[in-house]
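Undergrad: Sequence first, then the predicted structure:
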Amino acid sequence: KFGLMRSSDVEAAQIDCVAEHCRDVKDAAARKGFSFFSQKSDEEKAVARKEWFESDLPAMLEKIEKSVSLTSTESGYAVGNKSSYADIAIFSLLKDCTMEAEKEDTLKAAEKCSALLAIANKIASDEK
């Protein structure tokens, strides 16, 4: 309806793959157990949080970055050269954080992922 999955089956599959990678990252963060709702002690949460933002998240983002390098034909787009659902999923992952501290740590974890940051910034600057 909105053209975010494109018209070709191949591009739709690529978009879905990128979006699912982003969901995998969010699921992994939840399993890490450092959220407010976790039953872990504050010390355990601090260790898990540090490990997540310094090691786990950067590694996962670099995998998405590599995937996007294969499907993007223009900087600022995850698949092809038009905005898609994949771009919105990347924006949501990197910039739509609940807590300001998480946003800062997420962006720091993504500092080596120039393609992902370009995509998130492009979506963030879109007035639509």
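TA: All right, it came through fine. Treat the numbers as computed from the prediction; the structure is a model and nothing was measured. Numbers count the residues shown, from 1 in each chain.

Undergrad: going forward, measure contacts and count neighbours with C-alpha atoms only.
TA: Noted.

Undergrad: Please report how far the most far-flung residue of the chain relative to its centre lies from G76.
TA: Centroid-distance maximum for the chain: S41 at 27.4 Å, with C-alpha atoms, centre = their mean. Applying C-alpha to C-alpha, to the nearest Å, the value for S41 to G76 is 40 Å.

Undergrad: go on, A101?
TA: A101 is 25 Å from G76, by C-alpha to C-alpha.

Undergrad: A109 too?
TA: 19 Å.

Undergrad: go on, A118?
TA: 5 Å.

Undergrad: Comparing those two, which residue is more hemmed in?
TA: With neighbours defined as other C-alpha atoms under 10 Å, A118 and G76 compare such that G76 has more, 22 against 17.

Undergrad: got the buried residues for stretch 41-57?
TA: Neighbour counts over stretch 41-57 (16 or more other C-alpha atoms under 10 Å) mark 45, 48-49, 52-53, 56-57 as buried.

Undergrad: Perfect, I'm done here.
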